[in-house]
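>>> Pasting the sequence and the predicted model now:
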Amino acid sequence: MKKPSTPAPAPKGTVFINARLIDPASARDEPGGVLVHDGLIADLGGHLRRNAPDGTDVVDCQGHVLCPGLIDCQVFTGDPGQEHRETLKTASFAAAAGGVTTIVCMPDTEPVIDQVALVDYVQRRARERAIVNVHIMGAVTKGLKGEELAEIGLLQRAGAVAFTNGKSSIASTRVMRNALLYSKDFGALIVHHTEDPYLTPGAAMNSGEVATRLGLPSVHRMAEVIVVERDVRLVEITGGRYHAATLSCRESLDVIRAAKAKKLPVSCGVSINHLTLNENDIGPYRTFFRIRPPLRAEEDRAAMVRGIASGDIDVIVSSHDPQDADDKRRPFAEAADGAIGLETLLPAALRLFHSDEVGLMSLLRALTINPAKLLGLKSGRLDKGAPADLTLFDLNTPWVVDRDLLRSRSKNSPFDEQRIQGRVLRTVVAGETVYQYGVDLRT
């Protein structure tokens, strides 16, 4: 009688060999490999460069960069309420294709995420539909109206990782002070969009020669600086944790730099758009370049780049803000603000590396460990026991952005038809491949 065949043993995880390991958290930059088991990093280092443990699935990285999965701290979606713009599912597909393993969703939805039930709803929806990690920033004021504080403590307990007024600044100094005071009791982070709402209505772009030549209504960069100055003064008297969401001009960074020198609990971010584009890109009134804050002069862009290189700017975000065609296909002054950016975040950032403006380690630090520390996440690093959220990318492959091939539901990319260099090859979340270049894994 024939004996029943013995089933093959299950693989003992997956090993990524022949990689260039880059981990800003430990300053590691060396040839090696990573062993993944049960969703966690089980081992890593130079000894895994060529040698795969017995019984493991093997992925040959062919010398390309393997780093912690990117974390994007500012992602707007239309879910719930405006799913025609973007859903959590489509946003997660775009994120995975861009090497982003964690997205932090903003509360600018319909209804606004200012209640525990809505935090729970989005979390459940993300677990069911998203293929990357999804976290939520709760609204700091009810309805994002800037008048009455939301229940920060309850929202934090429900899972909100930080609190923001979204694309709206809090005009009331009293409300902003109270937000910082109240959040301090919970160790919560207040993330603020820094534009004076009394100076920005109707403005379509940055004030200056280009706006005058184009005949467009504009706003001076001091509208940003005024709010940053005020907020830092409030941090000084309250001690609350504060993050300026997307700086765009040199004077604002000077304020944050001085506050850090005083050891105040402040940090700041910048969008990839303000690192790689300037007001001249608007050209023939291209509405894909209408964003908030507006694109600034070249000297401000250069100042932001220097801020990343020096470490004065903590994080880089995509500021992914999908808008449908009807809202963008209008005269520039009437078009909606916003640009998508999840899928182009890393390749656009690599422009700064290829132009020798910022080192690769500094770029990846602002996209991995810095946002992880800011939000208290366990990811963002290559270390034994850390979540196996990984990004494998080719530094050098050139390609042309085609908005019709982007995975976002909306197509308003400012990088449309632009040549960029560097491509994500594989994205891994909790040990599972959720994106592989050339292979359609979407279901």
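Now that the structure is in, tell me what you want to look at.
>>> doesn't N278 make contact with E298?
Yes: under the criterion of C-beta atoms under 8 Å, E298 makes contact with N278 at 4.7 Å. Quick note: C-beta positions are derived from backbone N, CA and C, even for glycine.
>>> what about the residue lying closest to S168 once chain neighbours are set aside, how many neighbours?
Excluding its sequence neighbours, the residue lying closest to S168 (C-beta to C-beta, 6 or more residues apart in numbering) is L144, at 5.3 Å. Neighbour count for L144, taken as other C-beta atoms under 10 Å: 22.
>>> In terms of helices and strands, where is L35?
strand 28-37 (DSSP states H and E).
>>> Specify the angle between the helix or strand just after that strand and strand 28-37 in degrees.
The helix or strand immediately downstream of strand 28-37 is strand 40-45, counting by DSSP H and E. Orientation check (axes from the mean of the first three to the mean of the last three C-alpha atoms, to 10 degrees): strand 40-45 against strand 28-37 gives 140 degrees.
>>> Give me the sheet partners of the strand holding L35 and which way each runs.
strand 14-23 (antiparallel), strand 40-45 (antiparallel) (DSSP bridges).
>>> Out of these, indicate the one that is most buried.
strand 14-23 (a mean of 22; mean count of other C-beta atoms under 10 Å).
>>> For K142, which non-adjacent residue is closest in space?
Using C-beta to C-beta, 6+ apart, the closest residue to K142 is E148 (4.8 Å).
>>> Just the CA coordinates for stretch 324-334, please, in PDB.
Output in PDB follows, covering the C-alpha atoms of stretch 324-334 (Å, rounded to 0.1, in the frame of the first residue of the first chain):
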ATOM      1  CA  ASP A 324     -12.400  65.700 -10.000                       C
ATOM      2  CA  ALA A 325     -12.200  67.000 -13.500                       C
ATOM      3  CA  ASP A 326     -15.100  69.400 -13.300                       C
ATOM      4  CA  ASP A 327     -13.500  71.200 -10.400                       C
ATOM      5  CA  LYS A 328     -10.200  71.500 -12.200                       C
ATOM      6  CA  ARG A 329     -11.400  72.200 -15.700                       C
ATOM      7  CA  ARG A 330     -12.100  75.900 -14.900                       C
ATOM      8  CA  PRO A 331     -10.400  79.200 -15.200                       C
ATOM      9  CA  PHE A 332      -7.300  79.200 -12.900                       C
ATOM     10  CA  ALA A 333      -8.800  81.600 -10.400                       C
ATOM     11  CA  GLU A 334     -12.000  79.500 -10.100                       C
END
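>>> before we move on, the earlier item: how much space is there between the residue nearest to S168 and L360?
Per C-beta to C-beta, to the nearest Å, L144 is found 37 Å from L360.
>>> just V104 next, same as before
Taken as C-beta to C-beta, the span from V104 to L360 is 23 Å.
>>> Repeat that for V228.
29 Å.
>>> Please, which helix or strand holds L66?
Element membership of L66 [criterion: DSSP H and E] is strand 65-68.
>>> just T102 next, same as before
Counting by DSSP H and E, T102 is part of strand 100-105.
>>> Can you name every helix or strand that that strand contacts?
When contacts are defined as 3 or more C-beta pairs under 8 Å, 6 or more residues apart in numbering; DSSP states H and E, strand 100-105 sits against strand 70-75, helix 88-97, strand 133-139, strand 390-400, strand 419-429.
>>> Name the surrounding residues that touch the fourth one.
Defining contact as C-beta atoms under 8 Å, 6 or more residues apart in numbering, one finds that strand 390-400 is touched by 16, 19, 34, 36, 61, 64-70, 99-101, 346-347, 350, 353, 360, 382, 417-428.
>>> Note down every partner strand of it and its orientation.
Sheet pairing for strand 390-400, using DSSP bridges, gives strand 65-68 (antiparallel), strand 419-429 (antiparallel).
>>> could you pull out the strands for the stretch 151-300 of the chain?
162-164, 189-192, 205-206, 218-219, 241-244, 266-271 (DSSP state E, counting those that start in this stretch).
>>> Helices of the chain, residue ranges please.
Taking DSSP state H to define them, one finds helices in the chain at 88-97, 116-129, 152-158, 173-184, 209-214, 222-238, 250-261, 272-276, 298-310, 325-328, 345-354, 360-365, 369-375.
>>> Any regions of the chain where pLDDT drops low?
When residues are selected by pLDDT under 70, those of the chain lie in 1-11, 443.
>>> Mind doing that once more with 80?
1-12, 442-443 (pLDDT under 80).
>>> Report the central residue of it.
D72 (2.1 Å; C-alpha atoms, centre = their mean).
>>> mind checking how far that residue is from D43?
To D43, D72 is 28 Å away according to C-beta to C-beta.
>>> now L346
L346 is 26 Å from D43, by C-beta to C-beta.
>>> Kindly report the same for R230.
49 Å.
>>> can you check A130 too?
Following C-beta to C-beta, the distance that separates A130 from D43 is 28 Å.
>>> again with P322
In terms of C-beta to C-beta, P322 sits 39 Å off from D43.
>>> Save the strands of the stretch 151-300 of the chain as JSON lines, and put in distance to S413 and mean neighbour count too.
As requested, the strands of the stretch 151-300 of the chain are exported to JSON lines (distance: least, C-beta to C-beta, whole Å; neighbours: other C-beta atoms under 10 Å):
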{"stretch": "strand 162-164", "distance to S413": "24", "mean neighbour count": "25"}
{"stretch": "strand 189-192", "distance to S413": "24", "mean neighbour count": "24"}
{"stretch": "strand 205-206", "distance to S413": "18", "mean neighbour count": "23"}
{"stretch": "strand 218-219", "distance to S413": "24", "mean neighbour count": "20"}
{"stretch": "strand 241-244", "distance to S413": "25", "mean neighbour count": "24"}
{"stretch": "strand 266-271", "distance to S413": "13", "mean neighbour count": "24"}
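>>> Let me know which of those strands is the nearest to L342.
strand 266-271 (12.0 Å; C-beta to C-beta).
>>> from the middle of its chain, how far away would the closest one be?
11 Å (C-alpha atoms, centre = their mean, to the nearest Å).
>>> Equivalent analysis for stretch 36-50, please.
That offset, for stretch 36-50, works out to 26 Å (C-alpha atoms, centre = their mean).
>>> Pull that stretch out as CSV, backbone CA atoms only.
Written as CSV, here are the backbone C-alpha positions of stretch 36-50 (Å, rounded to 0.1, in the frame of the first residue of the first chain):
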residue,chain,number,x,y,z
VAL,A,36,10.6,38.6,7.1
HIS,A,37,8.4,36.2,9.2
ASP,A,38,4.9,36.6,10.5
GLY,A,39,4.6,40.2,9.4
LEU,A,40,7.8,41.3,11.3
ILE,A,41,11.5,41.7,10.4
ALA,A,42,13.1,38.6,11.9
ASP,A,43,16.7,39.4,10.8
LEU,A,44,18.7,41.7,8.6
GLY,A,45,22.2,42.6,7.7
GLY,A,46,25.1,41.9,5.5
HIS,A,47,25.1,38.1,6.2
LEU,A,48,21.8,37.9,4.3
ARG,A,49,23.2,39.5,1.2
ARG,A,50,23.8,36.2,-0.7
